[in-house]
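Asks: Need a 3D model of the following:
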Amino acid sequence: MLYAKVNEEGEIIDVATSQSSEYKLLVAPNDPTVAELLESKFKNIETDTQEILDNSDVDMMRVIEDLIDLLSAKRIIQFTELPMAAQKKLLSRKWVRGVHNGSDDGLIIDDTLSSDDNDALI
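Replies: Numbers count the residues shown, from 1 in each chain. Here you go, the predicted model:
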């Protein structure tokens with residue numbers, strides 16, 4: 001996700017990968033002004049593209065989790081068809097997100113997992 005900083009005239013003057021008090025407006029990367037700003041940022045040696053990718057990875061993981069939940073709810077896929085490692089990772093993240101948001105969503109993590117499996121959950 002990209003957020004824009006605008007001047008008094010409402011023109012986009014800068015973009016960032018995270019929202020803040022200055023960068024409030026959600027923008028598309030294919031917007032001509034945004035694309036131009038991104039191009040100039042990428043040309044700047046000080047811009048760390050790995051940071052941009054890392055920030056978007058976190059957002060994409062949430063999108064993928066929500067997409068899997070939606071496809072499962074619509075019975076397009078069955079959660080149990082996913083590889084066991086993927087099921088464990090998704091259930092663990094869902095549980096952690098639930099705890100973070102103040103609810104456990106009724107998830108029960110299997111206590112019979114080995115300590116190695118528990119380390120792999122998060």
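Asks: where does this structure dip in pLDDT?
Replies: Low-confidence segments of the chain (pLDDT under 70): 44-49, 103-122.
Asks: All the strands of it, in order from the start?
Replies: Counting by DSSP state E, the chain has strands at residues 2-6, 12-16, 25-27.
Asks: which one of these lies closest to residue 85?
Replies: Of all those, strand 2-6 sits nearest to residue 85, with 31.9 Å by C-beta to C-beta. (Each C-beta comes from the backbone N, C-alpha and C, glycine too.)
Asks: among the strands of the chain, which is the most enclosed?
Replies: Highest mean neighbour count among those (mean count of other C-beta atoms under 10 Å): strand 2-6, with a mean of 18.
Asks: List of residues touching that strand?
Replies: For strand 2-6, contacts defined as C-beta atoms under 8 Å, 6 or more residues apart in numbering pick out 12-20, 22-29, 34, 38.
Asks: rerun that using 6 Å as the cut-off
Replies: 12, 13, 14, 15, 16, 19, 22, 23, 25, 27, 29 (C-beta atoms under 6 Å, 6 or more residues apart in numbering).
Asks: The lengthiest helix in the chain: which residues count as buried?
Replies: The longest helix of the chain (DSSP state H) is helix 49-73. By 16 or more other C-beta atoms under 10 Å, the buried positions in helix 49-73 come out as 52, 68, 72.
Asks: With distance to residue 97 as extra columns, can I get the contacts of strand 2-6 in CSV?
Replies: Shown next, in CSV, are the contacts of strand 2-6 (distance: C-beta to C-beta, whole Å):
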residue, distance to residue 97
12, 32
13, 35
14, 31
15, 27
16, 24
19, 19
22, 28
23, 25
25, 27
27, 26
29, 26
